[in-house]
Structure formats: C-alpha cells, structure tokens
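Participant: A structural model of the following input is requested.
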Amino acid sequence: MNCRFATLACILIITVMACGSSPAPIAIAKKASGNAPQPRPVRTTPPIVNSSPRNTPGSSPDVAIARPLESTRPEPDPKPAVTVPGPIMHTPSTEFELSPRDHLERAIAALQQGQESKARKHVLAIQRLNPGDSVAKSLLMQIDDPPVSYFGRKFFNYKTRSGDSLSDISLKFLNDRFMFYGLAKYNRINDPRKLRVGQVLRIPGNRPPRVVAENRGNHFYRKAKSYFDQGRYPDVIALLDSRDARKYRDEQSTDLLVVAYSEQAKVYLEKADLIKAETVLEEAIRIQPNNKKINASLKKIRAKLNVGKIWEKADQEIQSGNLTQAYIHLRQVLDLDPHHELAKKQFTKIRPLVIDTAYRECMMAYKRHEFEEAVNLCGKVLSIEPDHELAKLHKARAEEILDKLKTMGNNSRSQVD
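Facilitator: Model prediction:
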C-alpha cells in the first residue's frame, strides 16, 4: 500500500515539472545576450502514458507507466526547400565571352594580315565592353578613314633596315605602335607583314632631328668597340644585334658587327667546333650577303664539315674490310684537306693492299680470257700506281688480243658476205 502511494507521488511530481514553465533560462538569456533576439520558448512534450490494457508484471493495474521525457532543446527552424536549377543550355558566343584584351589581340592579328572586316568586328566588341578605349578608337579610325585625313600630306622618306617592322617604325616616328595599319595604308601596303629590307616608306610629318639618333647610334658603337678591343666578341654581337641598337645601326656599326661574327668564328675553329663556327658566319652573311671574305671562310668550314662526313665513311669501309671503297673516300678527304693526318696515315697503309688486290683481280680475269675486264682492272692498278710494270704488260697483252679478235671477227663477216 505504501509503495503504491509513493509511486503515485513520483508520477505527480514528474508531471508538474514537465508541464510547468521555467522563466529562469529565458531571463538569463536576456541578460547574457543584451540586445540579441529572444530565444523561442521551450516546447515540452507531455509524458506518453501507455494505454495498453496489459500491465508490466509486478506492477499495479492502476498505475500507468510513463515513457522517458524527450529532449527539451529548442527545435531548429525548418530550412526552406532549395531548388537546384538545372543546366542552362545556350549556344556560346565567343564575341561576348572574350575580354577586351583578347579582342585587341585578335584585331591586331587580323590587321597584320589586312583583314579589315574581321578586325572591325573585334574593335566594335572592345567599344561595347569598354566605350572609352582609346586604342579601339584609333584602330577603328585607321580602318574606316583615309590615312591622309589623320596623317596629312606632309611626309619624309625612310629606308627600312634589317629587323624593322611597321609597329617599330610607328613607335619610333609616330610614338604609337598601334598606328601601324594606318602607316601601311599610307604606303599602300596590303599586308603589313610583308616589309622588305631597303623598302622606302613615307613617314607622315617632319623628319625628326638626326642629332638624337646619331648620338644614340654613337653610344652603341663606342660601347661595342670597347668590347671588341677587349676580345669580348659575344658581347659585341649581343649589343649591336639587339633590338634597340638595330634602330640606330649605321654602316660603321654593321661592319663592326660582321667583324665580330668573323672573329668569334675563329675562336670556335680553334676549339674544332665547326658547327658553331658555321652558324656564326651564317649570321654574318645574313647581314652582309656579298661579303667575299665571309663567304670564303664559310665555304672552307662547310668543306671541312664535309671532310668529316667522308672520313667517317672511309673509316667504316676500313672496318668492314672494303679497302677499295675506303681508298676512294680517303682520296676525297685528302683532296679537300691535304693536312688530314688520320686520312694520310690510313691512305699510306692501305694503298699497297688496294694495288695488290686490283692486280690479282686483273690476272684472274686475264686467265679466264675475260680480256676487257682485265684491261679495266689493270687500268685501275695504273691509276693508283702509274709505274706498275706488270699491270702495264698484261694490259698491253689483253688489248693486243682484243684487237686480233676484232680483226678476225671482221674478216669472218666479210667472208660470209
């Protein structure tokens, strides 16, 4: 009986605690958060009473069994449903996906090929993306307007040099490398890429003072001459063949550059580096194609390179035992380079062997009564050793027999006739 009353008392206490409201946590949250928004009131779930008519064994039928209380934490607000958009299908448009810089590069590339309509498309795209772009405005003006309208009719002549381009010339005289297309139209050049060395161009405006250019050119020359006197030929080449120096290169600087190339080739020849020597002299010929001294030096180097290749063939023939062919290659090597020590040594060594082999072949042909073959083989012996007496004797005998056979054949035909 006492146990039953105690159980009922516990159930009443738990029910009161679950159903009652507790203002203390809310007050503490207000104090701690200050102006922060108030938390939602805590929802509690009343105990679920087992309504099953069956009772747990050992318990009173009048006592209900309470389930454990659920958590009193506030439930989070339900998140709104997120709709994931599907892929947007569209046809890409490269014109509007390119940046202004990309359009500019393509417009310049088109103008360099003389393709105005294609370039105009990209220039207009730049203006749509960046209406205040000055380069696009300049390019559109060069495409649409006649060059006289913005250059005027006054001009001076300029003779192009090696390494010049219309962009460099525009930057040098017009202070704007993007005016290259207008300059091309000013000179009636359909393809700005095709600029010949020595071509005379009309440059709009007045000729700039020559003093500045001469001073700048003298600066490069004096510095290069200092390098040359110190034997620093690669530094001379690097300086005078640089992009800046080419703008001011005159006849004096050109001659110094060619001589520097020639001296550097000699350095490579002393190191037996024929390929680098050939490359350096080819650069010199590119600058002065009619330089006889450089052409002669280049011819000798190429001959030596050819000697090296022939010598390799001769050495391979010697290794394989084909002495006759090796002898022919060695003769070619010595004709091109009489001072080739290895070729001279091998030539002296195999020459008697080649003569002996050719003479034995001559005798074998003679014994087989192959007199024409004998004449040819003996002639080969005499071409190597003109004083070979036995080869002379058997060649003469074979020729004599051939003459008799020929005479006998003629007589036989005449008798038949």
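Participant: now the helices for the stretch 51-200 of the chain?
Facilitator: In the stretch 51-200 of the chain, the helices defined using DSSP state H, counting those that start in this stretch lie at 94-97, 100-112, 116-129, 134-144, 147-151, 166-174, 180-186.
Participant: Among those helices, pick out the one with the most neighbours on average.
Facilitator: helix 180-186 (a mean of 24; mean count of other C-beta atoms under 10 Å). Every residue, glycine included, has its C-beta placed from N, CA and C.
Participant: how about the CA coordinates for it, as PDB?
Facilitator: Coordinates of each C-alpha in helix 180-186 appear next as PDB, following Å, rounded to 0.1, in the frame of the first residue of the first chain:
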ATOM      1  CA  PHE A 180      51.000  50.500 -87.900                       C
ATOM      2  CA  TYR A 181      47.900  49.800 -90.000                       C
ATOM      3  CA  GLY A 182      47.400  53.400 -90.900                       C
ATOM      4  CA  LEU A 183      51.000  53.600 -91.800                       C
ATOM      5  CA  ALA A 184      50.600  50.600 -94.100                       C
ATOM      6  CA  LYS A 185      47.600  52.200 -95.800                       C
ATOM      7  CA  TYR A 186      49.500  55.400 -96.100                       C
END
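Participant: one step back: any chance of the helices of the stretch 51-200 of the chain in a markdown table, with mean pLDDT and distance to Ala398 too?
Facilitator: Formatted as a markdown table, the helices of the stretch 51-200 of the chain follow (pLDDT from 0 to 100; distance: least, C-beta to C-beta, whole Å):
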| stretch | mean pLDDT | distance to Ala398 |
| --- | --- | --- |
| helix 94-97 | 53 | 84 |
| helix 100-112 | 90 | 75 |
| helix 116-129 | 92 | 80 |
| helix 134-144 | 92 | 86 |
| helix 147-151 | 91 | 85 |
| helix 166-174 | 90 | 76 |
| helix 180-186 | 93 | 77 |
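Participant: So which of these is nearest His340?
Facilitator: Between His340 and those, the shortest gap by C-beta to C-beta is with helix 166-174, which sits at 48.0 Å.
Participant: contacts for that closest one?
Facilitator: Identification of contacts with helix 166-174 by C-beta atoms under 8 Å, 6 or more residues apart in numbering yields 158, 160, 176-181, 183-184, 189, 192, 195, 201, 203-205, 208, 247.
Participant: Which ones among the residues you listed lie within strands?
Facilitator: 158, 201, 203-204 (DSSP state E).
Participant: Can you tell me which of those is nearest Glu270?
Facilitator: Tyr158 (41.9 Å).
Participant: what is the closest one paired to in the beta sheet?
Facilitator: Leu201 (DSSP bridges).
Participant: what number of residues lie near Val375?
Facilitator: Val375 has 20 neighbours, counted by other C-beta atoms under 10 Å.
Participant: give the contact list for it.
Facilitator: Val375 neighbours (C-beta under 8 Å, 6+ apart): 395, 398-399, 402.
Participant: any idea how far it is from Arg196?
Facilitator: From Val375 across to Arg196, the span is 61 Å (C-beta to C-beta, to the nearest Å).
Participant: Secondary structure class of the residue lying closest to Leu269 once chain neighbours are set aside, three-state.
Facilitator: In this structure, Leu269 finds its nearest non-sequential neighbour in Ala277, 5.0 Å apart by C-beta to C-beta, 6 or more residues apart in numbering. Here Ala277 is recorded as helix under DSSP: H, G, I helix; E, B strand; the rest coil.
Participant: I figured Ala277 was touching Glu263, is that so?
Facilitator: No - contact between Ala277 and Glu263 fails when scored by C-beta atoms under 8 Å: they sit 11.0 Å apart.
Participant: So for the two, which sits in the more crowded spot?
Facilitator: Using other C-beta under 10 Å, the more surrounded residue of Ala277 and Glu263 is Ala277, with 25 against 15.
Participant: Glu341 and Phe371, how far apart?
Facilitator: From Glu341 to Phe371 the distance is 42 Å (C-beta to C-beta).
Participant: Save the ones in strands among the contacts of helix 166-174 as TSV, and put in distance to Lys313 and neighbour count too.
Facilitator: Listed next are those as TSV, based on distance: C-beta to C-beta, whole Å; neighbours: other C-beta atoms under 10 Å:
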residue	distance to Lys313	neighbour count
Tyr158	53	17
Leu201	52	20
Ile203	57	20
Pro204	61	19
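Participant: Just give me the closest of these to Ala110.
Facilitator: Within the ones in strands among the contacts of helix 166-174, proximity to Ala110 (C-beta to C-beta) peaks at Leu201, which comes in at 21.8 Å.
Participant: So which elements touch the helix or strand encompassing Asp244?
Facilitator: Per DSSP states H and E, Asp244 falls inside helix 243-247. On a contact count with 3 or more C-beta pairs under 8 Å, 6 or more residues apart in numbering; DSSP states H and E, helix 243-247 meets helix 210-229.
Participant: So what touches the next helix or strand after the helix it packs on?
Facilitator: Next along the chain after helix 210-229, taking DSSP H and E as the criterion, comes helix 233-240. With contact meaning C-beta under 8 Å, 6+ apart, helix 233-240 is reached by 220-221, 223-224, 227-228, 245, 249, 253, 256-257, 260-261, 263-264, 267, 283.
Participant: Quick one, which of those are buried?
Facilitator: 220-221, 224, 227-228, 245, 249, 253, 256-257, 260-261, 264, 283 (16 or more other C-beta atoms under 10 Å).
Participant: related to what we said a few turns ago, tell me how far the residue nearest to Leu269 lies from Ala358.
Facilitator: In terms of C-beta to C-beta, Ala277 sits 39 Å off from Ala358.
Participant: And the helices in the stretch 251-400 of the chain?
Facilitator: Applying DSSP H, counting those that start in this stretch to the stretch 251-400 of the chain gives helices spanning 251-270, 274-287, 292-320, 323-336, 341-367, 371-384, 389-416.
Participant: Endpoint to endpoint, stretch 163-179 covers what distance?
Facilitator: Using C-alpha to C-alpha, to the nearest Å, the end-to-end distance of stretch 163-179 comes to 18 Å.
Participant: separation between Thr160 and Ile287?
Facilitator: 15 Å.
Participant: same deal with Lys154?
Facilitator: Relative to Ile287, and taking C-beta to C-beta, Lys154 is found at 33 Å.
Participant: okay, those two: which has more neighbours?
Facilitator: Neighbour totals were compared for Lys154 and Ile287, and Ile287 leads with 17 against 9 (other C-beta under 10 Å).
Participant: Next, the contact list for the more buried one, please.
Facilitator: When contacts are counted by C-beta under 8 Å, 6+ apart, Ile287 touches 162, 254, 257-258, 261.
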